[in-house]
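Below are the sequence and a predicted model; questions follow.
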Amino acid sequence: MENPDLAAINNACTIMSNPAPGADIQKANEILMSFKLRDDAWTFADKIIDSGTTVQAKIFGVQLLLDLVKTKWSIIEPNSREAIKNFLVSHVISWSADQSIPPTLLNYIDMTLVTIIIHEWPQAWPSIVDDLIASATSQPHTCRNNLKILSMLSEDTIEFGEATMTSIRWSQVTAALEERSQIIFNLIEQVLSGTQDMYVLEQALDTLKYIVKWLDPRLIFETQLPVVLCNHFLPQDHLKSKVLAIFGEISNIKNIPDQYTQFFPGILDLIVSALSQTNLMELYEIAPDIVKSTIFTLSSIISTYGKAIESSNHFESLGTALAWITDLMTVVDIDNFKTCCELCQSIAKRYYLEKNVLTNDFYKGFFAKIRRIMIARMERPIEILIVENDQGGISKEETKNTAQIELYNTMREALIFLSNINSEDIIAAIQERIILLKEHWDCHILNTICWSAGAITGSLSISDEKSFVIMILKELLEMNANAQSVPDKASIASGIMFVCSSYPRFLMNHAQFLKTILGKLFEFMHNDVPGVKEMAVDSFKKIAEKCRRTLLVPSNKEPAFIEYLIVNMDGIASALSNDLRAELFNAVSIIIAGCNNDGEKTALTNSLMEKINERWLYQINNLNENDFNGFITILFILRCNDFVAENVGPAYHVQFQKILDQIIQIYGYCCGICTQIISSGGEVMVQNDNFRICSQIKSSVLSIFIKFVSKTHDSAAVLNIILPQIVMKLLDEYPRAPPQCRVPELLTLVGTIISKQSNEAMSHFVTPIMFQLFKPSVELIASDFDAFMTFRIPLVFFMSNVIKICFASFMELSPEVIEIFVHSIEWGCQHPQFDICRGNFELLEKLYSTVESKSTPAFKNAFYKSFFVSTINTVFDVMTDTVHKFAFMEQTRLLKRLLALQIEQNNPVDISQLLYQKFQNREIHYFENVLSLLLQRIHSFPEFKEILRNFLIEVRQYSREDPDLFVEERNQEMQRNQMIMQEVPGMSGPANEEFQNPF
């Protein structure tokens with residue numbers, strides 16, 4: 001191989017970093033990329049670094065070494081490794097002492113040295129860290145750089161090492177660092193006590209921030225370190241953030257020994273004392289980052305060690321810190337406010353759950369302030385669709401802000417705890433805001449009152465809730481009557497709807513008030529301000545879900561309110577769009593679903609559908625392909641039927657029979673229109689309005705069938721009428737239709753029918769279904785992952801039911817169909833979308849489980865011979881590509897099942913060879929060892945899973961702390977926390993029954 005033109009490389013680096021006019025950037029990039037591809041490129045790195053005339057060329061040379069260390073370090077000759085180490089150490093020493101060396105270049109070579117240390121230390125290079133510590137005392141610049149190297153080593157090992165190192169290597173480096181805790185601490189202590197160089201001092205503090213995570217706790221808590229930091233450095237404004245960051249890290253150390261928790265009250269005392277002369281509100285104006293660090297550190301210490309602080313009676317410092325927090329919560333900065341809210345939620349939660357009466361007096365004033373601050377700054381709930389725009393007008397919110405939703409949830413939880421602690425005070429706080437609103441009208445004040453009132457639902461006793469809701473709704477209704485401007489009326493309407501839909505228990509127990517509120521909602525359904533109608537329908541639906549029993553019961557010799565609703569549906573819905581009118585039908589049918597008498601439920605359903613059936617017959621009888629307004633009406637009516645079928649279940653049977661012939665007719669009619677549109681205009685016509693309407697009609701028809709089949713008790717009718725006479729006719733059209741004309745609901749319908757039957761009942765239908773439905777559906781999605789996305793989940797559902805119910809018939813299918821079946825699942829496992837990938841992995845495991853337990857010996861042998869190796873290959877392909885980490889648990893379960901099979905194809909040698917082909921940077925015996933370990937732990941899922949985790953880390957695919965590797969553990973922790981929170985009145989939503997408040 002020819003020697004490279006180093007001058008050309010030097011020139012190319014210059015052009016790429018700072019191109020002169022007319023420079024050929026593309027050619028320069030080609031020169032550098034071509035050179036980097038050479039296997040021996042790294043052997044010229046020293047020459048490029050030493051002879052390079054520009055910083056960019058030297059950085060390029062260092063990057064060559066960094067790439068070598070990351071990818072090929074273990075396979076180059078030992079002599080070459082020693083030469084590189086000596087070269088780097090020499091240059092690190094000389095460059096760190098040379099003030100002309102740019103920090104970027106020095107940082108690159110430091111990074112390369114740290115990467116080698118992680119590979120070599122302590123086994124192959126035992127002296128390097130000790131040498132760095134020893135040489136740090138030679139001169140300030142060297143000291144500063146060596147401290148930086150130590151901080152980089154700490155960060156790369158403790159924080160990021162588990163993403164790039166094997167578990168064994170990570171343990172070795174971590175243990176070696178911990179063994180040197182004392183001498184590293186001594187170096188930093190020496191710098192803090194003796195240096196006059198501010199840059200070295202700042203680096204020492206930065207390094208300390210990284211190493212406190214793994215330092216021996218004795219060095220933190222049993223020395224003068226906290227005192228030195230607080231007394232000497234924290235009062236200095238330019239060092240405040242660095243010192244506070246150190247204490248923030250200390251408070252976040254995991255699994256700290258219990259004997260050291262007693263030191264945190266003293267640390268809080270030191271911090272508060274050091275900051276006592278600082279006006280944080282004034283400091284925020286000139287140095288907001290320092291204030292942010294202060295809030296974070298105080299919040300971290302108090303939320304983590306609040307119990308220790310309280311039990312040791314350090315209330316003075318705690319009170320001062322909390323006073324700062326409450327003051328800073330009035331600052332506009334949303335990040336600081338969020339941190340403060342999280343702290344307040346933590347304190348209120350601990351106080352409520354522990355019920356420590358000794359802290360009652362201390363927290364009483366703090367909680368009162370927090371209630372008022374949070375109410376005044378309450379974030380908008382997700383249910384609120386009406387927002388004030390930049391021009392001061394009212395508009396409908398089109399997108400949701402995730403950060404706002406998270407903040408609202410935090411504030412809601414805090415207010416619920418605060419309400420449970422003292423409901424009288426939170427009611428008083430909201431009343432104070434109402435008085436303020438009456439004195440000075442402001443939409444923001446109005447909104448925060450309503451949002452806070454809705455947030456605390458479920459946390460009040462029945463009597464408190466009654467008086468509170470009556471009070472606030474009366475005030476809002478009075479404001480609505482007196483409001484003059486349209487925006488003000490819209491804002492008040494939004495508040496009324498949110499509050500009333502938040503208190504179903506009150507409405508259930510006060511039927512007359514409920515009817516008044518519903519009347520107001522019907523009024524809002526005619527309001528033309530954007531978002532009001534949507535909120536009115538949504539609020540009505542929520543009330544319908546919670547209060548349906550009340551609306552079904554007659555009162556004072558008046559018929560049940562449901563009857564009023566049905567009779568007046570046209571008038572109530574007259575100003576609504578078709579989509580909202582369909583949602584209104586949804587809500588009314590939810591009420592009907594609450595009826596316990598089947599006869600009455602059917603009668604109410606028929607009554608609800610009576611007028612809409614008249615419109616249905618008119619549209620069917622006057623259908624005109626040239627007037628698609630009729631098709632739009634048909635689509636609306638079908639959606640209403642779909643909602644009703646979903647909600648009332650078997651009570652829909654009579655209605656279903658009434659429209660059955662017509663929906664089959666309209667389905668076929670729309671099939672013809674769709675085919676004609678695509679045949680004449682091509683694929684682009686899928687965007688055609690008429691095509692889209694007809695496709696939606698087809699989907700709605702099938703959705704009605706799905707709801708009926710899934711909820712009916714008449715399985716014989718499904719088997720004898722719907723399946724042979726209707727579905728099989730629909731299937732005739734499916735394979736002949738252009739791909740764009742097919743709808744995925746047919747897969748769901750057939751899958752649902754199968755799930756309700758037996759293999760004996762379905763045996764005559766399975767083969768034609770597979771040819772007319774399954775194969776054409778697979779053809780739709782076989783080309784790429786983005787094609788026909790809506791078919792993928794229904795296809796999994798269909799195949800799952802075939803395996804579950806019709807496996808005996810499945811075994812009788814042709815080898816060709818079975819091959820398509822298996823390979824389509826394997827293809828689905830490779831899909832990047834979460835639900836599709838996981839669903840196919842679960843399906844593949846179900847298939848192998850069923851083959852093992854239910855198939856004949858002949859089928860089993862043929863199946864494994866045909867598909868075992870292919871499936872193993874698919875599992876490892878997906879498991880090691882990093883795209884599908886979210887499916888780790890499903891992958892693990894499937895792999896465990898496959899490796900447990902006692903079959904000829906389950907050959908560790910062959911599987912090792914397969915893995916070797918994927919990762920040729922490893923020797924084949926490595927994979928043999930991995931498989932041996934997996935097979936030894938095949939009967940212990942936790943141990944099997946841990947070995948597999950280590951394997952994925954070792955081949956550099958996953959981080960050891962990647963949350964996707966710990967889904968099961970994370971879910972268990974979430975469930976434990978949810979169980980605790982569910983015991984708190986209001987935390988799970990509106991109350992439905994009386995509870996005993998512990999306070």
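The structure has been received and is ready for your questions. Numbers count the residues shown, from 1 in each chain.

Regarding the protein, what is its longest helix?
Assignment by DSSP state H gives helix 653-681 as the longest helix of the chain.

what does stretch 116-132 rub up against?
With contacts defined as Cβ atoms under 8 Å, 6 or more residues apart in numbering, stretch 116-132 is touched by 69, 73-74, 81, 84-85, 88-89, 146, 149-150, 153, 156-157, 161, 164-165, 169, 172-173, 176-177, 180, 183. Where C-beta positions appear, they are placed from N, C-alpha and C, glycine not excepted.

can you tell me which of the residues you listed are in helices?
Filtering the contacts of stretch 116-132 for helices - DSSP H - leaves 69, 81, 84-85, 88-89, 146, 149-150, 153, 161, 164, 169, 172-173, 176-177, 183.

Narrow these to just the buried residues.
Buried subset of these (neighbour count, 16 or more other Cβ atoms under 10 Å): 69, 81, 84-85, 88-89, 146, 149-150, 153, 161, 164, 169, 172-173, 176-177.

Give the burial count for the closest residue to Leu153 other than its chain neighbours, as a bare number.
Leaving aside its sequence neighbours, Leu153 sits nearest to Val114 (Cβ to Cβ, 6 or more residues apart in numbering; 5.1 Å). The burial count assigned to Val114 is 23, neighbours taken as other Cβ atoms under 10 Å.

Make sure Val114 is actually in contact with Met152.
Yes: with contact defined as Cβ atoms under 8 Å, Val114 counts as touching Met152 (4.7 Å).

Show me whatever sits in contact with both of these two.
The overlap between the contact sets of Val114 and Met152 (Cβ under 8 Å, 6+ apart) is empty.

got a list of what Leu215 touches?
Applying Cβ under 8 Å, 6+ apart, the residues near Leu215 are Ser181, Ile184, Phe185.

just curious, which of the residues you listed is nearest to Gly649?
Comparing the contacts of Leu215 against Gly649 with Cβ to Cβ places Ser181 closest, at 67.1 Å.

and the closest one, what does it touch?
So Ser181 contacts Trp214, Leu215, Asp216, Leu219 (Cβ under 8 Å, 6+ apart).

Put together CSV for the residues you listed, with pLDDT on each row.
Shown next, in CSV, are the contacts of Ser181 (pLDDT from 0 to 100):
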residue, pLDDT
Trp214, 91
Leu215, 92
Asp216, 92
Leu219, 94
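
pLDDT-wise, which helix or strand of the protein ranks last?
Least confident element among the helices and strands of the chain, by mean pLDDT, DSSP states H and E: helix 161-164 (a mean of 66).

on that earlier part again, next step: the contacts of Ser181 restricted to helices.
Secondary structure from DSSP H places Leu219 of the contacts of Ser181 in helices.

what does stretch 852-866 contact?
Contacts of stretch 852-866 (Cβ under 8 Å, 6+ apart): Phe807, Ala808, Met811, Pro815, Ile818, Glu819, Val822, Val851, Leu901, Ile903, Glu904, Gln905.

Show the buried residues in those residues.
The neighbour-count test (16+ other Cβ under 10 Å) marks Phe807, Ala808, Met811, Ile818, Val822, Val851, Gln905 as buried among those.

Pull the most distant pair out of these.
So, the buried ones among the contacts of stretch 852-866 by Cβ to Cβ: farthest apart are Ala808 and Gln905, at 24.0 Å.

quick one: buried residues of stretch 615-626?
Trp616, Gln619, Ile620.

Can you pull the domain assignment for this structure?
1-70, 77-201, 258-371, 378-534, 553-713 (automatic domain parsing).

Please convert the ones you listed to TSV, extending it with distance to His831.
Converted to TSV, the domains of the chain look like this (distance: least, Cβ to Cβ, whole Å):
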stretch	distance to His831
domain 1-70	31
domain 77-201	25
domain 258-371	36
domain 378-534	25
domain 553-713	22
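
for those, which one sits closest to Ala887?
Smallest distance to Ala887 across those (Cβ to Cβ): 19.1 Å, for domain 77-201.

so how far is stretch 919-938 off the chain centroid?
34 Å (Cα atoms, centre = their mean, to the nearest Å).
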